[in-house]
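K.L.:
Structure, please.
(2 chains)
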Amino acid sequence: MTLPISFTAKAHSLRLPAHLHERVHPYVRTHQKGEQRQTKSAETAPFARQIDFWALSVAYAVSKGLEPDASMATAKFVDTRAVDFPAWLGDLLCILAVDAFGHEDDRVQNPGDIIDLANQYAAAGTEPLLGILDKSFPGLPLHVLLDKLSEQVVETCGSPTGDT
Amino acid sequence: MLSFRRVKIQNFVGLADIEVKFSTEVAKPLTVIRAENGSGKTTFLRALAWCLYGEPAVPYPGATWPLQTIDWDPDQGEQQVQVSIEFTTDASGKADGKGAPVRYELTRSVMVVPRPGTDPNWARRDERVRLMRHTPGAGWDEQPGAIRMIEELIPWELREFFFTDADKAEDFLGGREGGEQLTHSQLVERTTGAVRALLSLDILRDAAARAEKRADAYRKRLSKSTGDREIAELQANVEKKKSDRDQLRGTTKELNEQLSNLRDSLEAANASLETALRGSGAYEELAHQMESNRVGIQKATEARKALAARASDALGEPLLFAGLVHKSVCRVHDVLEPLEQQGLIPLRHLPFVRDRLEHGACICGTDISTPGKARDAVERLITDSEEREKKANFLGDVFNESRYFRGLATEPATFWPDRVRQVIDDLGMADEELSGLERQKEELQKRLSGIKLDLVEELKRQIGDLESEVERKELKARKSEADLDDLEDEIESLSKTLSALTRKHALDKDALKAMAAAEDATALMRRTYRRVATDQIAALSDRMNSLFRDMIAAASDEVIHRVGIKESAPEEYEIFAEKRNGDPLHVATMVNGASRRALAMAFIVALAEQSGTRAPTVCDSLLNNTSSSVREGTFSVTVNNSSQPVLLMTRDEIHGVEQLIRERAGEMYTLTAQWQADPADGRAGEVVRRTVDRPVAVLCTCAIDEYCTICERRHDREDGSLRRRSA
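P.N.:
Numbering: from 1, shown residues only, chains lettered A, B, ... in the order given. The predicted structure follows:
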């Protein structure tokens, strides 16, 4: 099931903190224009696209209980019409909007407001996510990130089997 | 003919005191000594050879090989080692060419004396050789010249022909000597030595040379005495030609020696190339392994890359996001759930109201099918609720999504950390596989760098050069030989003219007769030499082939089509083997051990036959490791074509030829090692009992199908083919 809301009918800018933009690039395998960077491996640059980094920043910030940061100067890296924006991600963003704005708030049905909220979460989550990646050495960024995220999921959800 | 009658061996290594009587029966000339491995067969052979040839016949020259009994103790003092062979020679023998058979006894003895504090702690002294001749009615008399006589009967160079074992027979045609592979020229030298000695080619050549020298001397004297100028000039010309011939002979010999050395070098280079190519074969194998390794690394790298991509993809999975925002999802779910239960999200009553309006009947029973107040009120309710409905439906969908994501995050089967752990584990395994392949690659590279491909190329170049050089030298040698033949013809023609002129003008009739006799003798000797060197060698070759085929035909037919002997260079002979298509087989390397042994025996027997040499053939383990058909063939040929065969055989060798032995053996013995009854020996308990409390071999007269208290071995009693004999 998909929510009756479109993030791609109109272009919505996806943004990351302007001052952190350059630090994100090494962990992304694709140029903004879609050109493949052959020299990067998935283990050193875990994200196929910037939007993947952006989405994880959103989720990570929510997971860590960070408040959406509207104060940070951000820079657009792509808009929702220019990328393959997954429907399930839109659905989750709507849920996050309901959680953040309250279900009675009309913004929960407004894609622009939802994306704005997501951009603010991304702004809050970028720094800690980069922190994990930057401190991954001597391990590989992907491995370290997977470990940390696994821990975070277990912390958030608990383990369904009781293991931690 | 030389024939052994008996041998008495005292204190010779493991043979403390044994006496063997050899069969001299014409119909049953075979003597069999049954002995298992390690029972003293080789020692028996050595004892015979030592008696005949002394120190050079035992291993390790320089008197360092102990002849004394194994249990000799220096504290016991000196020990005398002695071997006596009684033999006969008759009119067909080469040493004593006249009269009836004569009996001799050859005794060789030596004293072993203690030499404390030295290594070895013993020495040998007072070696004595005594030859006694028996004269009927007068008894035994000591004879001078024992060593010369033996040398004439069985020359030292041929000792291995008549006293041989399986290894020596094999090695005669290309085995090893002193740890080195014999070269082609050494093999040719060895074969040539045997052929020339037994066919008396050297004697004939020397005799021809002596006769020619004598004829020359008479001719020179006579021609000088005539004072004829033409004769003098002709004489000078003949002498000049003979001088040229001698020089050309030297040149030809030198060329053939060079050719032989070149062939040895070529053979050595080919052997080196073969070794290097084996290395190159290893190279090919390594290269193949390297390629497999490369493909393996490529595949493993791709597989690892795919795993890493899977791990990376996990960062974009909804499962991860559902897990990370789980708390937020749950909160939304918890907020919306009561609304959903109350029917507020979505608005459940509005579709019902629309349905009622459509059917014209309100829920309270009022007719609203026609316009009126009631219908207007219902229509207003619907219109007023439409905005709320959109939002409520949206929130209803959000609630459903939250319920979905809430379940997704905690579903054990799809729990993201577990899935990621699996991918990480797979990556770890891929890393291990790659590390293993990388280690293998390093190892292969190390091994690969050890193979010298340059050497192969260098050897191929050397072989090419050597082959060209051999070809050139062969042409030169053949031309030199042809020139020599022409010169010989010219000399012969000139000599005839000179002889005729000399006869015409000579005054000294006696000298003339002597010259004519010497010339006739020279011609006769030369003809004889040529006949022996061609006809007899051809006959020897044919006989060898026939004997060899009798021995081994069935087994070798597919590989060896013909064997024989040929002249490889003037006055040089070599044994050859050919395939069916005429291609040569390199005897030393391309013919297997059993075939080499049979080939050597065929050569020995044929050469003895052609030369009329009649001497005992003593063979140790000749039939060892042969198939039953080859064993039977080799046995029959050896026994039927030797004047006095003496075979030392293990039970395994006897197996399959029992009937032939019974038919041809005049004497049979069994030699039993006492140490094989000792549990400490490797063959622990194979001999049932000790009969002498010493580390020696004991002889009994048990035939091949008997056992007694001395020679009984384990399981003999259960063996139906053996019968017990009273010792």
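
K.L.:
where do the strands sit along chain A?
P.N.:
Assigned by DSSP state E, the strands in chain A fall at A:13-17, A:74-79.

K.L.:
winner for burial among those?
P.N.:
Ranked by mean neighbour count, these are led by strand A:13-17 with a mean of 22 (mean count of other C-beta atoms under 10 Å in any protein chain shown). No exception for glycine: its C-beta is placed from N, CA and C like everyone else's.

K.L.:
in its sheet, what does it sit against?
P.N.:
strand A:74-79 (antiparallel) (DSSP bridges).

K.L.:
from the middle of its chain, how far away would the strand it pairs with be?
P.N.:
Put simply, strand A:74-79 sits 13 Å off its chain's centre (C-alpha atoms, centre = their mean, to the nearest Å).

K.L.:
Please export the C-alpha coordinates of it as PDB.
P.N.:
Output in PDB follows, covering the C-alpha atoms of strand A:74-79 (Å, rounded to 0.1, in the frame of the first residue of the first chain):
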ATOM      1  CA  THR A  74      21.700  23.700   3.700                       C
ATOM      2  CA  ALA A  75      22.400  23.100   0.000                       C
ATOM      3  CA  LYS A  76      20.200  21.300  -2.400                       C
ATOM      4  CA  PHE A  77      21.800  18.200  -4.000                       C
ATOM      5  CA  VAL A  78      18.900  17.000  -6.000                       C
ATOM      6  CA  ASP A  79      15.200  17.300  -6.300                       C
END
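
K.L.:
Return the mean pLDDT over it, rounded to an integer.
P.N.:
Strand A:74-79 shows a mean pLDDT of 91 in the predicted model.

K.L.:
Would you mind pulling the contact partners of it?
P.N.:
Residues outside strand A:74-79 that contact it (C-beta atoms under 8 Å, 6 or more residues apart in numbering or on different chains) are A:11-18, A:21, A:32, A:50-51, A:54, A:119, A:123.

K.L.:
ditto for stretch A:90-101
P.N.:
Taking C-beta under 8 Å, 6+ apart as the rule, stretch A:90-101 contacts A:2-3, A:5-7, A:58-59, A:62, A:68, A:107-108, A:111, A:113-115, A:117-118, A:121, B:318, B:321-322, B:325, B:328-329, B:331-332, B:335-336, B:395, B:398, B:401-402, B:405.

K.L.:
Could you do stretch B:105-125 as well?
P.N.:
B:50-52, B:54, B:63-64, B:66-68, B:72, B:74-75, B:77-87, B:126-132, B:134, B:140, B:146, B:150.

K.L.:
got the end-to-end distance for it?
P.N.:
Criterion C-alpha to C-alpha, to the nearest Å; first-to-last residue distance in stretch B:105-125 is 22 Å.

K.L.:
Packing partners of the longest helix that chain A contains?
P.N.:
Determined from DSSP state H, the single longest helix within chain A is helix A:111-134. Judged by 3 or more C-beta pairs under 8 Å, 6 or more residues apart in numbering or on different chains; DSSP states H and E, helix A:111-134 is in contact with strand A:13-17, helix A:21-24, helix A:50-63, helix A:87-101, helix A:141-157.

K.L.:
Tell me which of those is the most buried.
P.N.:
Compared across the helices and strands packed on helix A:111-134, helix A:50-63 shows the largest average neighbour count, a mean of 26 (mean count of other C-beta under 10 Å).

K.L.:
what's the angle from it to helix A:87-101?
P.N.:
Using axes from the mean of the first three to the mean of the last three C-alpha atoms, to 10 degrees, the direction of helix A:50-63 lies 40 degrees away from that of helix A:87-101.

K.L.:
right, is helix A:50-63 up against chain B?
P.N.:
Yes. Against chain B, helix A:50-63 shows contacts by C-beta under 8 Å from any C-beta of the partner chain at A:52, A:55, A:56, A:59, A:60, A:62, A:63.

K.L.:
Rebuild the residues you listed as a markdown table, extending it with pLDDT and distance to residue B:509.
P.N.:
Below are the residues of helix A:50-63 next to chain B laid out as a markdown table (pLDDT from 0 to 100; distance: C-beta to C-beta, whole Å):
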| residue | pLDDT | distance to residue B:509 |
| --- | --- | --- |
| A:52 | 94 | 132 |
| A:55 | 96 | 137 |
| A:56 | 97 | 135 |
| A:59 | 97 | 140 |
| A:60 | 96 | 139 |
| A:62 | 97 | 145 |
| A:63 | 96 | 142 |
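
K.L.:
ok, back up a step: centre of the chain to the longest helix of chain A, how far?
P.N.:
6 Å.

K.L.:
Longest helix of chain B, counting residues only.
P.N.:
helix B:229-314.

K.L.:
tilt between it and helix A:141-157?
P.N.:
Using the same axes, to 10 degrees: helix B:229-314 against helix A:141-157 is 30 degrees.

K.L.:
any low-confidence regions in chain A?
P.N.:
A:1, A:31-39, A:161-164 (pLDDT under 70).

K.L.:
how about 50 then?
P.N.:
Applying pLDDT under 50 to chain A picks out residues A:33-37, A:164.

K.L.:
Any idea which residue is closest to the centre of it?
P.N.:
By C-alpha atoms, centre = their mean, the mean C-alpha position of chain A lies nearest to residue A:55, the distance being 1.9 Å.

K.L.:
Just give the closest residue to it, not the sequence neighbours.
P.N.:
residue A:89 (5.8 Å; C-beta to C-beta, 6 or more residues apart in numbering or on different chains).

K.L.:
what sits against that neighbour?
P.N.:
A:55, B:318, B:321.

K.L.:
Low-confidence stretches in the stretch 401-550 of chain B?
P.N.:
Along the stretch 401-550 of chain B, no part satisfies pLDDT under 50.

K.L.:
Tell me where it has helices.
P.N.:
In the stretch 401-550 of chain B, the helices defined using DSSP state H, counting those that start in this stretch lie at B:416-449, B:453-505, B:509-531, B:537-556.

K.L.:
Where in chain B is the helix or strand with the lowest mean pLDDT?
P.N.:
When the helices and strands of chain B are scored by mean pLDDT, DSSP states H and E, strand B:176-177 comes last with a mean of 52.
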